[in-house]
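Q: Attaching a predicted model along with its sequence, questions to come.
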Amino acid sequence: MTDRPVKRVLVIVPFPMSADNLLLRQAQTQGMAFGPGVEFVFRPVKAGPVNYSSHHDFVLADVANFEAGCRAQAEGFDAVCIDTMSDSGVAALRSVLDIPVFGPGRVSMLTALMLGDRFSILTMASRWKPLYKKALDELGLHHKCASVRAIEVPPDNQALLSGKEDEVFPLLEAAGRKAVEHDGAEVLILGSTTMHQAHAWLATRLPVPVINPGPLSYQIALALLGAGLTHSRVGYPKPMHPRLDMLEAMLVAARHA
């Protein structure tokens, strides 16, 4: 017999943060039916961009998330999930890991198309729109995205929506109704895992499915594990000359700087 859980999932949090703020990220697993013997470990990156609002940030985010998870398989994890809709680091991690690696961006968009014909994204600020455009470009799904509706409230990647519920939740609800009634959305996607606290409110008030991207990515990763599937090695070939020690040294130096 062993005390090891049946499945261990590493969730990479894309910002350095305190233990208290990390708890707000971990709360994404609450109320979800993952089955027995599943452990989620939330790990912040050592260093990274202050926010994810430009292509400058996307490059730094890829490096930060890649470094945080590149040894996950050797550490005994069964899957890796990235806690950002940008899916930063997913492709790089797939090149060095055989275990499933998922981000909530692609997962949310592709799942939305199993629930309806067109989807809209609800987001905090228009500055995040390049993040969604990148994913839509890569997937060729612009024709399936009815709209991206922003409420223009400054996002907080540390405290999330805590303390702003009375302001933010009604704004998101109103934006969701416009997406459905005016834009033709049949499914809604929360535009960030930092918005997960609004999901229960919106899901009971809006007339279409509302996707909570973080927990959905966890469920997809576990489902693929159960089916014995992982990413294609043809699509994500292993590096000829891995430089993981160099990568770790870069992030350690960045953290100290």
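A: Thanks, I have the structure now.
Q: Please name every helix or strand in contact with the longest helix along the chain.
A: The longest helix of the chain (DSSP state H) is helix 165-181. Using 3 or more C-beta pairs under 8 Å, 6 or more residues apart in numbering; DSSP states H and E, the elements in contact with helix 165-181 are strand 119-123, strand 145-150, strand 187-190, helix 199-203. Using the backbone N, CA and C atoms, a C-beta is placed for each residue, glycine as well.
Q: Export the ones you listed to a markdown table and append columns for distance to K134 and mean pLDDT.
A: Formatted as a markdown table, the helices and strands packed on helix 165-181 follow (distance: least, C-beta to C-beta, whole Å; pLDDT from 0 to 100):
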| stretch | distance to K134 | mean pLDDT |
| --- | --- | --- |
| strand 119-123 | 13 | 97 |
| strand 145-150 | 12 | 98 |
| strand 187-190 | 15 | 98 |
| helix 199-203 | 23 | 95 |
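Q: quick one, which of those is nearest to K238?
A: strand 187-190 (32.1 Å; C-beta to C-beta).
Q: and the closest one, which strands flank it?
A: strand 119-123 (parallel), strand 210-211 (parallel) (DSSP bridges).
Q: Which one of these lies nearest to L222?
A: Taking those one by one with C-beta to C-beta, strand 210-211 is closest: 16.7 Å.
Q: can you map out the strands along the chain?
A: 7-13, 38-44, 79-82, 101-102, 119-123, 145-150, 187-190, 210-211 (DSSP state E).
Q: Give the lowest-confidence helix or strand of the protein, using mean pLDDT as the measure.
A: Least confident helix or strand, the chain: helix 19-26 with a mean of 90, by mean pLDDT, DSSP states H and E.
Q: what sits up against that helix?
A: The contact list for helix 19-26 (C-beta atoms under 8 Å, 6 or more residues apart in numbering) reads 11, 13, 17, 40, 42, 44, 83, 158-160, 162, 193, 197.
Q: Mind checking which of the residues you listed are buried?
A: Buried members of the contacts of helix 19-26, counted by 16 or more other C-beta atoms under 10 Å: V11, V13, M17, F40, F42, P44, D83, Q158, L160, T193, Q197.
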